[in-house]
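[1] The following comprises the amino acid sequence and a computationally predicted model.
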Amino acid sequence: MLIDTHSHIADAEFTEDRDAVIERALATGIQKMIVIGTGLESSQRAIALAEKHPFLFATVGLHPHDAKALNEDLIETFDRMADHPKVVGIGEVGFDFYYNHSTMKEQRHAFIEQIRLAKKKKLPLIIHTRDAWKETFDLFKEEDIQEHAQTIGTVFHCFTGDKEIAQKGTQLGLYISFSGIMTFKNAKDIQEAAATVDINKIVIETDAPYLAPQGFRGKRNEPAYIATVAEKLAELRHISFESASKITTQNAERLFRLAPADIPLTT
């Protein structure tokens, strides 16, 4: 019983063997996967893939790298796409000041517009933050993200902060999503955060094809490797793998309003 809350299996890296990747994920014990949109085309692909499988769901949004591409037409298109029954969130959106492919001003504008879209559509927000914790929390305050986080849902995807940042996020109502990075030997701050933050606010992800966990480093990541993330969480929390799987699955179902495992899924 596992849910990969964040992957990019609709992207070109999986074109040659996507069906096999999905089969391996199901064989590993994954019951649901969320396919993430990072722009118009990837959001369209995510929805199209989710339409084919009852256990796949999609998000729509514009990654901060491409924030400069946001305009009124694109926001209106995302608005319409967000009404699709398989769309369960807006994102990934946020700040990335490591690469700065878009300017800070462009990223801020795109972030605000998509926060407001998530509020309008009453959908969870999937947040990407890199080298921008202060700016992210400042914007959360300006846009009153706490109410949205507590009533609808918001998650820090692929969390790379420390326990203080994780706790600050959960105090606002955010979920914290841990990826394969948590399994890296030098990821001590992330591991400490995973070991101490409210376990009812933890979900897990692969971010496939990126960031394959320890034991698969150098390979293309895929959803089947989510079990390694769950195993590391279980180790850090001193609980069984089964407990870690069950708790993170229930958390993901609550965050994204997914039907529990014992309720049949429909397309």
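    In hand now; what should we look at?
[2] close enough to count as contact, Glu106 and Asp66?
    No: using Cβ atoms under 8 Å, Glu106 makes no contact with Asp66, being 9.2 Å away. For every residue, glycine as well, the C-beta is placed using N, CA and C.
[3] So what touches stretch 94-103?
    Contact partners of stretch 94-103, identified using Cβ atoms under 8 Å, 6 or more residues apart in numbering, comprise 63-68, 104, 107-108, 110-111, 127-132, 135-136, 139.
[4] PyMOL command for the buried members of these?
    Selection of buried members from the contacts of stretch 94-103 for PyMOL, criterion 16 or more other Cβ atoms under 10 Å:
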select buried, resi 63+64+65+66+67+68+107+108+110+111+127+128+129+132+135+136+139
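[5] Out of the contacts of stretch 94-103, list just those in strands.
    Counting by DSSP state E, those place 127-130 in strands.
[6] Out of those residues, which is nearest to Leu255?
    Proximity of the ones in strands among the contacts of stretch 94-103 to Leu255 (Cβ to Cβ) peaks at Ile127, which lies at 12.3 Å.
[7] Quick check: the gap between the closest one and Arg24.
    Look at Ile127 and Arg24: by Cβ to Cβ, to the nearest Å, they are 28 Å apart.
[8] any idea which of the ones in strands among the contacts of stretch 94-103 is closest to Arg257?
    If you rank those by distance to Arg257 using Cβ to Cβ, Ile127 comes first, at 17.7 Å.
[9] Render the CA-only coordinates of the biggest strand by length in the chain in CSV, please.
    Of all the segments assigned as strand in the chain under DSSP E, the longest by residue count is strand 87-96. Extracted in CSV, the C-alpha atoms of strand 87-96 (Å, rounded to 0.1, in the frame of the first residue of the first chain):
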residue,chain,number,x,y,z
VAL,A,87,-6.9,16.8,-11.7
VAL,A,88,-6.2,16.8,-8.0
GLY,A,89,-3.8,19.7,-7.6
ILE,A,90,-2.1,22.9,-8.9
GLY,A,91,1.6,22.6,-9.3
GLU,A,92,4.4,22.2,-9.2
VAL,A,93,4.7,26.0,-8.6
GLY,A,94,7.0,28.1,-6.5
PHE,A,95,10.5,29.6,-6.3
ASP,A,96,13.8,28.3,-7.7
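[10] State the number of residues packed around the nearest residue to Asp66 once chain neighbours are set aside.
    Distances taken as Cβ to Cβ, 6 or more residues apart in numbering put Gly39 closest to Asp66, at 5.4 Å, once the chain neighbours are dropped. Neighbours of Gly39 under the rule other Cβ atoms under 10 Å: 18.
[11] Much appreciated, bye for now.
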